[in-house]
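> sequence-free structure coming up:
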């Protein structure tokens, strides 16, 4: 997940968790910490023999925190994979690619088209469930379904091609 700490952006990945022992990477660098959450958002972290205490104050939205330590205060925004994907997808929504690709691991819930179907901009092609959320995958321009490479119930991985499309030529001379 992407974490914004003031103006800094860090990529954090949870590797494993066993009780209070947590293994994670921050920008690719591995860390092993012992984390204890106490009442009222107080957090005690033990790392390399050093003890750190912080107060976590959650915002109403749930993905933003105010973190207070003895000497500093930080604003932290958590951008999970789904939110990051949706933000990227909105930026690229104007461009229709010749395929639909899974942005993350998930499960095909439904396929709403069949090979040869002619699609108009905005038509939903399939629905994927990832992290207990369903996402509709729509085309952004006129095209037709060339090949469907998955079926309902399939598990898919990140960057897997799901459907191949044939783009309609809209340029007239």
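Thanks, I have the structure now. These figures come from a predicted structure and were not determined experimentally. Numbering: from 1, shown residues only.
> confidence score at residue 90?
According to the predicted model, the pLDDT of residue 90 comes to 55.
> just residue 7 next, same as before
75.
> and it, how many residues sit next to it?
A count of nearby residues for residue 7, using other Cβ atoms under 10 Å, gives 5. The C-beta positions use only the backbone N, C-alpha and C, and glycine is treated the same way.
> what segments of the chain are helices?
81-91 (DSSP state H).
> least confident secondary structure element in the chain?
helix 81-91 (a mean of 58; mean pLDDT, DSSP states H and E).
> in its sheet, what does the top strand by length along the chain sit against?
Looking across the chain with DSSP state E, the single longest strand is strand 8-18. Strand 8-18 has the following sheet partners, assigned by DSSP bridges: strand 2-5 (antiparallel), strand 21-26 (antiparallel).
> need these in a markdown table with distance to residue 73, can you?
Below are those laid out as a markdown table (distance: least, Cβ to Cβ, whole Å):
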| stretch | distance to residue 73 |
| --- | --- |
| strand 2-5 | 11 |
| strand 21-26 | 20 |
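> between those, which gets nearest to residue 130?
Closest to residue 130 of those, according to Cβ to Cβ: strand 2-5, at 16.3 Å.
> residues in contact with the closest one: which ones?
9, 10, 11, 12, 74, 75, 76, 77, 78, 79, 84 (Cβ atoms under 8 Å, 6 or more residues apart in numbering).
> same thing but 7 Å
Here strand 2-5 makes contact (Cβ atoms under 7 Å, 6 or more residues apart in numbering) with 9, 10, 11, 12, 74, 76, 77, 78, 79, 84.
> out of those residues, which are buried?
Neighbour-count burial (16 or more other Cβ atoms under 10 Å) is assigned, among the contacts of strand 2-5, to 76, 77, 79.
> once you drop chain neighbours, what's closest to residue 40?
Excluding the flanking residues, the one nearest residue 40 by Cβ to Cβ, 6 or more residues apart in numbering is residue 55, at 7.8 Å.
> burial measure for the one you found, as a count.
16.
> that one contacts residue 38, correct?
No: between residue 55 and residue 38 there is no contact under Cβ atoms under 7 Å: 9.9 Å.
> this structure - how does it break down into domains?
2-79, 96-167 (automatic domain parsing).
> which one is residue 156 nearest to, not counting chain neighbours?
Residue 156's closest residue in space is residue 102 (Cβ to Cβ, 6+ apart), at 4.5 Å.
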